[in-house]
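J.: what would the 3D arrangement of this be:
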Amino acid sequence: MRSTKIVATLGPASSDPAVLERMVRAGVDVVRLNFSHGSSADHEARAELVRDTGARVGRTVAIMADLQGPKIRVGKFKDGKIALRPGDPFILDSTCPMGDEGRVGLDYKELPRDVRAGDVLLLDDGKIVLDVREVRGAEIHTVTRHGGALSNNKGINRQGGGLTAPALTPKDIEDIRTAARLKVDYLAVSFPKSAADMYMAQELLRASGGHALLIAKIERAEAIHALDEILDASDGIMVARGDLAVEVGDASVPALQKRMIRQARELNKITITATQMMESMISSPVPTRAEVSDVANAVLDGTDAVMLSAESASGQYPVEAIESMSRICIEAEKSQTVSLDKDFLDRIFQRVDQSIAMAALFTAFHLKVTAIASLTESGSTALWMSRLNCGVPIYALTSQTATRYRTTLFRGVFPLVVRYIGHDREELLAEAESVLVKSGAAKEGDLIVLTIGEPIGKSGGTNTMKIVRVGDHRQG
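T.: Sure thing, here's the model as predicted:
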């Protein structure tokens, strides 16, 4: 079984029902709807397709809506693109309607206020480097340091960060309403600088009737300095290595990735590692050795999920990319040593439900049980258990549809449906055993650890751990 989850972006290459079905069968756990492209009607059709496909295949596949955010871009050129050579002067002009060899417009009109002489601007993911010489009103006068072809609507970053564009644009606010209407399971917020950006997204989502968990995409230099507060305001983070690498320097990203994943896990948050993980598979049926190592290292770092972007959205081999990613994750997980005891040192638990979760992990590890079954209303107990690796699969047994889909993203957690909604503990435990056996998670005679909350059906009330031998649920 694969513990690390796979997020795949839907796009032109993967919107055909037959292709999507193959992707789901290959192991997709979460489908990403990229709100940078397409209309709300497109997203609605794709969300419906994902749910229908998951139901037909018999797999729980969650949906994540990813907001575009304030991508700062150059405008359009008369001929579609220009060539910049080192030493060429070039003007970024917020009043320019159509660009040429000497200047181009800006979609973010405030950029001239954000930069000053001596700043370095990075265009097209850092492929073109411009040194700012002076700012004259609406014009930013630069000299080209590293040139190349510059085409329509390429992104702009300031080295070191510091651009003031708000995280939520008017388009994002409208897209949050769409995400709420579609009842997505996760909402990814692009370019947050602080906790305030995440709280605003959450308020807008809740006001629109949405209950998705919030993922903060860490792609600004400022977000690194505010990581603690952003984590507190979010349910998880995405290590979005593209824009982040441009702002902080590509050599800084691997260490930052490890730090972010570690910090998030310590705070019981979810992590997704993204950007160019299998980039060559856009046009190749096999990954490069470097890409294999990159995915494996993210798994070894402890990420909950690894993500495909263009590989599955517009690439030639979306199914093969998922199959390759799944194979790499499984092999990397085999090499991880389980040494749970040291993870408990110096830990203090102030909540009963969290203490039960940790006790279940400790018991499962030392008793070598077959499975941990968490009977959960909200999914919190399963999340806490998934933050430490005990080498035993964790099954989130729930009657709540929203919880079942949310838990698909938790590393090492596998959601199962429990239909019992009464208040009799023994009947619920009997059904839990039956569900585990039917799903193949356990068989007669296996030892399992169960966690449950009493009174039955109350969210956040996990207060009991029970060791059960399958086939005799009253024993233990």
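J.: does Leu33 belong to a helix, a strand or coil?
T.: strand (DSSP: H, G, I helix; E, B strand; the rest coil).
J.: neighbours around it, how many?
T.: Residues near Leu33, counting by other C-beta atoms under 10 Å, number 25. From N, CA and C alone the C-beta is placed, and that goes for glycine too.
J.: got a list of what it touches?
T.: Neighbour list for Leu33: 10, 43, 46-47, 63-66, 184 [criterion: C-beta atoms under 8 Å, 6 or more residues apart in numbering].
J.: apply 10 Å and report the result again.
T.: Residues near Leu33 by C-beta atoms under 10 Å, 6 or more residues apart in numbering: 9-11, 42-44, 46-47, 50, 63-66, 175, 178-179, 182, 184, 188.
J.: which of those residues count as buried?
T.: The neighbour count (16 or more other C-beta atoms under 10 Å) marks 9-11, 43, 46-47, 50, 63-66, 175, 178-179, 182, 184, 188 as buried among those.
J.: mind checking how far Asp228 is from Tyr317?
T.: When distance is defined by C-beta to C-beta, to the nearest Å, Asp228 is 39 Å away from Tyr317.
J.: show me where the stretch 101-250 of the chain has its strands.
T.: Per DSSP state E, counting those that start in this stretch, the stretch 101-250 of the chain carries strands over the ranges 103-104, 120-123, 128-136, 139-146, 148-151, 156-158, 186-189, 213-218, 236-240.
J.: sorry, that was for the stretch 251-400 of the chain
T.: For the stretch 251-400 of the chain, applying DSSP E, counting those that start in this stretch gives strands covering 270-274, 305-308, 371-375, 394-398.
J.: return the set of buried residues in the shortest one.
T.: When you say that, I think you mean strand 305-308. 305-308.
J.: picking that back up, pick the most deeply packed of the strands of the stretch 101-250 of the chain.
T.: Mean neighbour count, computed with mean count of other C-beta atoms under 10 Å, is highest for strand 186-189 among the strands of the stretch 101-250 of the chain, reaching a mean of 28.
J.: which one's more surrounded, Asp228 and Tyr317?
T.: Between Asp228 and Tyr317, counted using other C-beta under 10 Å, Tyr317 has the larger neighbour count: 21 against 11.
J.: do I have it right that the more buried one meets Glu279?
T.: No: with contacts defined as C-beta atoms under 10 Å, Tyr317 does not count as touching Glu279, sitting 11.9 Å away.
J.: wait, Val19 sits on Val319?
T.: Yes: Val19 lies in contact with Val319 (C-beta under 10 Å); the separation is 6.9 Å.
J.: mean pLDDT and distance to Leu163 added to the strands of the stretch 251-400 of the chain, as a markdown table?
T.: As requested, the strands of the stretch 251-400 of the chain are arranged in a markdown table below (pLDDT from 0 to 100; distance: least, C-beta to C-beta, whole Å):
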| stretch | mean pLDDT | distance to Leu163 |
| --- | --- | --- |
| strand 270-274 | 98 | 21 |
| strand 305-308 | 98 | 25 |
| strand 371-375 | 95 | 43 |
| strand 394-398 | 96 | 40 |
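J.: nearest to Ile82, out of those?
T.: strand 270-274 (30.6 Å; C-beta to C-beta).
J.: parallel or antiparallel, list what pairs with the closest one.
T.: Under the criterion DSSP bridges, strand 270-274 sits next to strand 236-240 (parallel), strand 305-308 (parallel) in its sheet.
J.: in JSON lines, list the ones you listed along with distance to Asp353.
T.: JSON lines is the format used below for these (distance: least, C-beta to C-beta, whole Å):
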{"stretch": "strand 236-240", "distance to Asp353": "19"}
{"stretch": "strand 305-308", "distance to Asp353": "24"}
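J.: Ile456 touches Asp424, doesn't it?
T.: Yes: with contact defined as C-beta under 10 Å, Ile456 and Asp424 form a contacting pair (7.3 Å).
J.: okay, and which of the contacts of Leu33 map to helices?
T.: Judged by DSSP state H, these include 42-44, 46-47, 50, 175, 178-179 as members of helices.
J.: for these, which one is nearest Val143?
T.: The shortest approach to Val143 among the ones in helices among the contacts of Leu33 belongs to Asp175, at 37.6 Å (C-beta to C-beta).
J.: quick one: the closest one from Gly471, how far?
T.: 50 Å.
J.: check Lys76 too.
T.: Remark: distance between Lys76 and Gly471 (C-beta to C-beta) = 69 Å.
J.: show me the contacts for the most centrally placed residue in the chain.
T.: Centroid check for the chain by C-alpha atoms, centre = their mean gives Ile272 as the closest residue, at 3.7 Å. Contact analysis of Ile272 by C-beta under 10 Å, 6+ apart lists 5, 7, 30, 32, 64, 186, 188, 215, 217, 236-240, 261, 264, 298, 303-307, 409.
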